[in-house]
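> make a model of this:
(one chain, ligands or ions: 1)
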Amino acid sequence: MTLTVGSGTQFARHLPVVGSYRAQLWREARMISLRRLQADECPDDERRVTQGFLARSCGPALLAYLDTIHRARTASLTRFATEVIAQWLPCEAVLAMRSQGRDGACLLCRSGAQESAEHAICQCPHPAPARARALAVAAGMAILERPRSPNTELDSRQALDLGPGMLIPAWFDPSGTHAIRVCPQVPQAALAALRGHPPLAGFLGILPSDLDEVLVWEYGTDGLWRRRTLSDTQELMAAVQGELVWGGLRVWSARCNALRRWWRTDAAKDVRMGVVERASQRAYARALRQMVRRAAQTGPSTHEHNLRVKPRQFDPGTFISTTLAEEAAAETAFRMSPQPPPPPCY
Ligand SMILES: [Zn+2]
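I've put the predicted structure just below:
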């Protein structure tokens with residue numbers, strides 16, 4: 001059977017269905033949503049605040065991450081994941097884009113760096129998020145290095161003497177201080193995927209592609225390599241991911257609590273005044289531009305309400321300027337000029 005999905009959109013195509021068509025439609029709808037998010041381009045890609053960055057970098061691994069979030073059935077975790085994968089956590093860089101009189105710089109570490117989602121979760125050196133980040137990374141490493149309980153069946157597997165392998169940075173450690181041991185027989189493509197995995201995605205619990213090729217090898221205390229079974233490998237990956245998805249939320253909660261305490265200190269007074277001042281300047285400039293635009297479009301009006309809120313004698317050809325200071329000076333000059341008496345109201 002063949003169905004046509006997404007008819008009338010850019011995703012329209014014929015879909016061969018084998019087995020349950022509802023399950024096939026559900027999978028196709030997920031892929032359509034993923035491709036739509038991947039297509040979200042933005043020229044500001046260098047700051048990594050685009051909504052499609054994680055979708056383009058991780059691909060279907062993002063859907064597996066969302067499945068894990070869904071199974072947790074926790075409202076706070078779902079909301080955090082929804083906002084962070086779209087790079088829309090209410091950090092300073094996002095608030096600055098919403099034009100609330102902010103410059104986007106991190107208020108906690110005061111390093112001058114833009115506080116994007118990656119900075120808040122992976123990079124901010126403030127003690128509160130840094131401590132939560134270190135705990136999450138340590139929990140992930142503890143799962144990977146957990147000693148295996150003695151098992152005669154597992155110990156009887158074929159042990160290979162392939163040498164100690166090599167140590168590469170753990171994909172979920174943004175600081176790069178923790179390393180995992182990799183078997184020499186791991187394909188180079190899997191190693192490249194591990195090294196090129198975005199730090200934010202790794203810390204959130206979005207697993208690199210081909211991670212099973214790495215974790216399928218177990219380095220024993222006897223210096224020999226053994227292959228895990230498929231179920232053991234999947235179980236290990238699920239355990240690491242299950243720990244990391246909570247780590248991201250804990251770091252964000254620590255950041256928000258620290259910022260909430262910071263706003264009550266004296267150090268926040270100047271920043272608060274600056275935010276209020278810039279917001280009022282923008283609101284004033286916006287109102288002035290609207291006033292000039294209305295006067296240019298409508299001209300003198302006889303309606304009583306319009307006469308109260310619009311300058312009847314304001315000549316936009318004379319007073320339109322390009323800077324806020326010039327607009328303010330123009331408005332002052334206009335107000336100081338003699339005004340004609342108001343017309344009678346009928
Ligand atoms: Zn910071």
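> right, and Ser111 touches Pro125 too?
Yes: the criterion here is CB atoms under 8 Å, and Ser111 meets it with Pro125 at 7.2 Å. In this view, the C-beta of every residue, glycine as well, is placed from N, C-alpha and C.
> can you list the weak-confidence ranges in the stretch 151-300 of the chain?
The stretch 151-300 of the chain contains residues with pLDDT under 70 at 151-157, 299-300.
> just the helices in it please.
Counting by DSSP state H, counting those that start in this stretch, one finds helices in the stretch 151-300 of the chain at the ranges 152-155, 188-195, 199-204, 211-215, 230-262, 268-298.
> nearest to the ion, of these?
helix 230-262 (8.4 Å; CB to the ion).
> check which residues of that closest one are buried.
233, 236-237, 240-241, 243-252, 254-256, 258-259, 262 (16 or more other CB atoms under 10 Å).
> next: stretch 66-81.
Going by 16+ other CB under 10 Å, stretch 66-81 has these buried residues: 66, 68-69, 77, 80-81.
> now the two most distant members of these.
Put simply, by CB to CB the two of these set farthest apart are Thr68 and Phe80, 12.9 Å from each other.
> hmm, back to that, of the buried residues of stretch 66-81, which is the nearest to the ion?
Closest to the ion, out of all of these and judged by CB to the ion, is Phe80, at 18.2 Å.
> the ion contacts on the stretch 51-200 of the chain?
106, 108-109, 124 (CB under 5 Å from the ion).
> now the end-to-end length of stretch 211-228.
Using CA to CA, to the nearest Å, the end-to-end distance of stretch 211-228 comes to 13 Å.
> mind listing what's buried along that stretch?
Using 16+ other CB under 10 Å as the test for burial, stretch 211-228 gives 211-219, 225-228.
> with distance to Ala55 added, can I get these in JSON lines?
What follows is those, written out as JSON lines (distance: CB to CB, whole Å):
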{"residue": "Leu211", "distance to Ala55": "18"}
{"residue": "Asp212", "distance to Ala55": "21"}
{"residue": "Glu213", "distance to Ala55": "23"}
{"residue": "Val214", "distance to Ala55": "23"}
{"residue": "Leu215", "distance to Ala55": "24"}
{"residue": "Val216", "distance to Ala55": "27"}
{"residue": "Trp217", "distance to Ala55": "30"}
{"residue": "Glu218", "distance to Ala55": "32"}
{"residue": "Tyr219", "distance to Ala55": "34"}
{"residue": "Trp225", "distance to Ala55": "35"}
{"residue": "Arg226", "distance to Ala55": "36"}
{"residue": "Arg227", "distance to Ala55": "33"}
{"residue": "Arg228", "distance to Ala55": "30"}
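> and of those residues, the nearest to Val276?
Leu211 (48.0 Å).
> below-threshold pLDDT in the stretch 1-150 of the chain: ranges please.
1-18, 40-49, 98-101, 147-150.
> and stretch 254-273, does that touch the ion?
No: Stretch 254-273 stays clear of the ion (CB under 5 Å from the ion), getting no nearer than 8.4 Å.
> enumerate every residue touching Lys240.
Check again: residue 240 is Val, not Lys. Taking CB atoms under 8 Å, 6 or more residues apart in numbering, we find Val240 in contact with 140, 143-144, 172, 205, 207.
> and with 10 Å instead?
Residues near Val240 by CB atoms under 10 Å, 6 or more residues apart in numbering: 139-144, 170-172, 205, 207, 211, 215.
> between those residues, which is nearest Ala132?
After measuring those against Ala132 - CB to CB - the closest member comes out as Ala139, at 10.7 Å.
> other SSEs contacting the one helix or strand that closest one maps to?
Using DSSP states H and E, Ala139 sits in helix 127-144. Applying 3 or more CB pairs under 10 Å, 6 or more residues apart in numbering; DSSP states H and E, we find helix 127-144 packed against strand 179-182, helix 199-204, helix 230-262.
> distance to Ala190 added to the ones you listed, as TSV?
Formatted as TSV, the helices and strands packed on helix 127-144 follow (distance: least, CB to CB, whole Å):
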stretch	distance to Ala190
strand 179-182	9
helix 199-204	14
helix 230-262	13
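> so which of the ones you listed comes closest to Arg73?
Comparing those against Arg73 with CB to CB, the closest turns out to be helix 230-262 (12.5 Å).
> next, the angle helix 127-144 makes with that closest one.
170 degrees (axes from the mean of the first three to the mean of the last three CA atoms, to 10 degrees).
> what's the angle from helix 230-262 to helix 268-298?
90 degrees.
> quick one: distance of helix 230-262 to the chain centre.
From the chain centre to the centre of helix 230-262 is a distance of 15 Å (CA atoms, centre = their mean, to the nearest Å).
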